[in-house]
Structures are given as C-alpha cells and as structure tokens.
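S.K.: Generate a structure from the sequence data that follows.
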Amino acid sequence: MSRPAPSFELLPGADDSPVILHVPHSAREIPADVRAGIVLDDEALERELDHIVDAHTAEIAARAAALAGAAPWRFVNRLSRLVVDPERFPDEREEMLAVGMGAVYTRTTHKDELRAGDHDPEPLIERYYRPYARAMTDAVAQRLAATGRAVIVDVHSYPAEALPYELHGAGPRPPVCLGTDAFHTPPELVAAARRAFGEDVGLDSPFSGAYVPLEYYGTDPRVSALMVEIRRDTYMTEPGGPAGPGLERLAEALAALVAAVPR
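M.R.: Below is the predicted model:
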C-alpha cells in the first residue's frame, strides 16, 4: 500500500539563505475523510475552493526560487486551507473566529455553513495543524542555526473585490499588499519589497500581519516576517481560473525581494 501524500513539504534552498518562502494557501486537495465532514455538495465545494484558494502562488514561489541568485527555502502546504488553516491562531486569540474561520473553518467565504455547528475541531488540529506548526518551527530553527536569522516571506493572493467573510475589506485593495508585524517586520524588509514590486504597493490593507511560528512569535528578533498579498486580477482569471502573463512578472519581483535579503 502506498503512503498518503505529505500534507506539507520543505523544499531546500541555498545553505546560506535565511529566506523561507511560505506558501500556506495554494492547494485544493482535501482528504476523503475530511471531505466527509464538509456539508457542501461537490459543485458548491469547487466554487468555494475557487474563492478561498490562493491559486498559482506555489508556482510563483517556485519560479521566484529558480530566478533568485541564492535559492530561498520553500515551505509549501499541500492540502487546502479548508482542512486546517495553519496561519490561524488555534485558540481564542484568532479574530477570524468571529466569521467561523479559525484554525478549522465552519463557514465559507460567503458565510454559509461549511461544517456542522457541533463539529469538533480538535482531531483536525491534532492531525494536521500541530505537525505543520512543528515542521515550520523546525524549518525556522534550521535557518537560525545555519545563518543566525530567518526571514519568512508569506506568499498569498486575494480577490479584486472583497468577499463577505473579510473583516477589513472596506479599505484599499492595491495590486500588492504587504502585511507587517510590529515586532517581526523591520523597515528595511518593507523597503526592499517596495523596491521589488514597484509603485503599486500598499501596506496592511486589506490584510495585515505576518506569519511567525508561535515559539518565536513576539520574542525572537532574529526571526523577520513579511506577508506578500497579490491581487489576483493582476496575474490570473478570477475566481479560480488560469494564470496569465502577470505571473512571470510577479515571480521576478519576488525573486528580486529574495535577492535583496543579505546573506
């Protein structure tokens, strides 16, 4: 019997690179036993995946890694965020719980029921969330041991028009939104991203924050983080459609950001 496909993958980069391109939301795969707990029919689930998946972001990261002078490391989620969302807090700190989108979603992008109201999230958190968090923590520890620091660049995308679940969707929606963290995002990293992506860059709208494993969050300044949110109409057909020529331009910009991080 063949082993099931891994739920995440760490793809090696240059030994002296501190950069980890983190791609948490690019996949559509949902294991059959997890699918059984989702109340949407197949057609509705495919529509939801079209809206919720950060389509082609794994391809953007892979292309950027190939273009960068010193390849960054890549940590890629191979399962849909409808299984678990590895970037959410697993407890009451998570503000998205207000719309049923904590670590395990119970509502869709349009606020419809995704899982039954009495669904227990703990089995999915134990099976998928915690191993992912441990592996990402280990990946950061490896970069710290090898280079003395770690720079996490989160690669995301978002729709041109706000979806009903968004808590902060009324603000600007620039072609590229940079999400920052007051502790973990140094000004020079933001400046490098602005140079790489050009003039059409906004800050912390419609999404803010940057992912850092909880072991390092708010305590270890050696770990830097920046979220790169790419508006989907700049590189693909929405929702869930094919990529266009903008993908290559964005990959080149992401590679320029990686190259700008000192080794």
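S.K.: Quick one: neighbours of residue 163, just the number.
M.R.: 15 (other Cβ atoms under 10 Å). For the C-beta atoms, the positions are set from N, CA and C on the backbone; glycine is no exception.
S.K.: That one and residue 99: what is the separation?
M.R.: Residue 163 is 10 Å from residue 99, where distance means Cβ to Cβ, to the nearest Å.
S.K.: Could you do residue 213 as well?
M.R.: Distance of residue 213 to residue 99, computed by Cβ to Cβ: 24 Å.
S.K.: can you tell me which residues contact residue 125?
M.R.: If you count contacts by Cβ atoms under 8 Å, 6 or more residues apart in numbering, residue 125 has them with 84, 90, 103, 104.
S.K.: can you give me phi and psi for it?
M.R.: Residue 125 adopts backbone torsions of phi -60, psi -40, taken as degrees, to the nearest 10.
S.K.: same deal with residue 236?
M.R.: Dihedral angles of residue 236 (phi, psi; degrees, to the nearest 10) stand at phi -150, psi 170.
S.K.: Excluding chain neighbours, what is closest to it?
M.R.: Using Cβ to Cβ, 6 or more residues apart in numbering and skipping the chain neighbours, the partner closest in space to residue 236 is residue 243 (4.9 Å).
S.K.: Can you tell me the SS state at residue 74?
M.R.: Under DSSP: H, G, I helix; E, B strand; the rest coil, residue 74 falls in the strand class.
S.K.: Then residue 127?
M.R.: Of the three states, residue 127 takes helix according to three-state DSSP.
S.K.: Local confidence estimate at it?
M.R.: For residue 127, the pLDDT comes out at 96.
S.K.: For it, grab the count of nearby residues.
M.R.: Residue 127, neighbours per other Cβ under 10 Å, totals 16.
S.K.: Angles on the backbone of the nearest residue to residue 76 once chain neighbours are set aside, please.
M.R.: In space, and not counting its chain neighbours, residue 76 is closest to residue 23: 4.6 Å by Cβ to Cβ, 6+ apart. Backbone geometry at residue 23, expressed as degrees, to the nearest 10, gives phi -120, psi 90.
S.K.: Quickly note the distance from residue 23 to residue 98.
M.R.: Distance from residue 23 to residue 98, counting by Cβ to Cβ: 26 Å.
S.K.: and the two? which has more neighbours close in?
M.R.: Taking other Cβ under 10 Å, residue 23 and residue 98 do not tie; residue 23 has more neighbours (26 against 11).
S.K.: so what's the more buried one up against?
M.R.: Taking Cβ under 8 Å, 6+ apart as the test, what residue 23 contacts is 54, 57, 58, 61, 74, 75, 76, 77, 155.
S.K.: where does the closest residue to the second one other than its chain neighbours land on pLDDT?
M.R.: What it means is residue 57. Leaving aside its sequence neighbours, residue 57 sits nearest to residue 26 (Cβ to Cβ, 6+ apart; 4.4 Å). With respect to pLDDT, residue 26 scores 98.
S.K.: Show me where the stretch 51-200 of the chain has its helices.
M.R.: Using DSSP state H, counting those that start in this stretch, the helices of the stretch 51-200 of the chain run over residues 57-67, 122-124, 130-147, 187-197.
S.K.: The first one: which residues count as buried?
M.R.: Applying a neighbour-count criterion of 16 or more other Cβ atoms under 10 Å, one finds 57, 58, 60, 61, 62, 63, 64, 65, 67 buried in helix 57-67.
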